[in-house]
Structure formats: structure tokens, C-alpha cells
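Undergrad: Provided below for reference: sequence and predicted model.
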Amino acid sequence: MADTLKATPSGRSRSRASVRETNSDDEREQQFDLLTAALLGAAVGAVVTLIFRTGPSGRRPISPILSATGKGAKWAALAGLEGARWAGEQGSPGARWVADRGRDGARWAGKQSARGYHAARERGEELVEALPVEDIADSVREYVDGAREAINDVVRAEMTDLRKAVRRQRKRIGI
């Protein structure tokens, strides 16, 4: 039997020059991608359906997996609790050591602050002697006198206003 198809077209071609020839490889690849995605979606859907369906015993096939996951979480929680206890036991001596060092540091700081207090008291006497105490007292006395005069003026003005108001009220009611 001989091939009846010709390798090259004979005669006039029916395709037009304005119509571009489509790239059949790209189109074929897109079709294969679409077919692959559809098959994967169907397979995943079937697996999910089979996993979550109710079996003949009334249980779901995923139940043993979920119970094993729960047991694993319980074991992990217990191990974490034991780890926390161990860390607490190991941290306790360290905390005692730090407390002892802190106590020693507080004693040292107390001694140093006492030394600082005594030094400041000794040097403070020199500073107090150098301060112009009389000038400071005079300026404070001036401020207090000024404030006293201002308060007296305000009280005097309020008293005169109050007396005038009382006289007006007496005249109004006829006393």
C-alpha cells in the first residue's frame, strides 16, 4: 500500500496571506497543560472525598490519622512541660547565685554612698561658706514683701467693693 497523502500541496493553496499561520506547538502545549490541570483536580477531589466519607464502620478513614495527631500533640505538650520543669530546676541555682552577688553589690553600694555622703558634707561646708546667704535672704525678703503688698491691695479692693454692695442692698430693702 502506498501513501495516498502527498508530501507537498499541489496546485493552488487556499490559505490567505493576511491570515497568519498558528504555532501548533504552543497550542498543543497549552492543551496538554489544561488537560493535566483537569486530571490533577479530579484526582485531588477524589482523594478528599474518599478520606472524608463515612466508611462502612461509621467512622471516617481520616479518624486514625487525626487521633494519632492528637496523641502526638499530647506527647509534645508533656515533653515541653518536663523541659520547663528541668529549666526551672537548672535556673534556680543561677538565680540564687545572682541574688548573692546582688546582695554583695548592694552592700558595696551602701558603703560607697556613705563615703560620698561624708565627702559631700565636708565639701558642702566650704560651699555653704562661699554662698552669698545674706544676698539670698534679702532678695527672698523683697519677694515676700512685694507679694504681701499685692495681696493686701487685692483684699482691700475686694473689701471696699463688698461694703459698697452691702450699702446698695440696704438702700434697696430700706434698712
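TA: It's in.
Undergrad: determine how far the helix or strand containing residue 40 lies from the middle of the whole chain.
TA: Assigned by DSSP states H and E, residue 40 belongs to helix 24-52. Its chain's C-alpha centre and that of helix 24-52 lie 44 Å apart, by C-alpha atoms, centre = their mean, to the nearest Å.
Undergrad: next, the buried residues of that helix.
TA: Across helix 24-52, burial judged by 16 or more other C-beta atoms under 10 Å covers no residue at all. The C-beta positions use only the backbone N, C-alpha and C, and glycine is treated the same way.
Undergrad: elements contacting the helix or strand following that helix?
TA: Per DSSP H and E, the first helix or strand lying C-terminal to helix 24-52 is helix 63-130. Applying 3 or more C-beta pairs under 8 Å, 6 or more residues apart in numbering; DSSP states H and E, we find helix 63-130 packed against no helix or strand.
Undergrad: off-centre distance for helix 63-130?
TA: On C-alpha atoms, centre = their mean, the centre of helix 63-130 falls 25 Å from that of its chain.
Undergrad: avg pLDDT for it?
TA: Here helix 63-130 scores 75 as its mean pLDDT.
Undergrad: and the next helix or strand after it, how far from the chain's centre?
TA: Beyond helix 63-130 on the C-terminal side, the first helix or strand identified by DSSP H and E is helix 133-173. Centroid separation for helix 133-173 versus its chain: 57 Å, with C-alpha atoms, centre = their mean.
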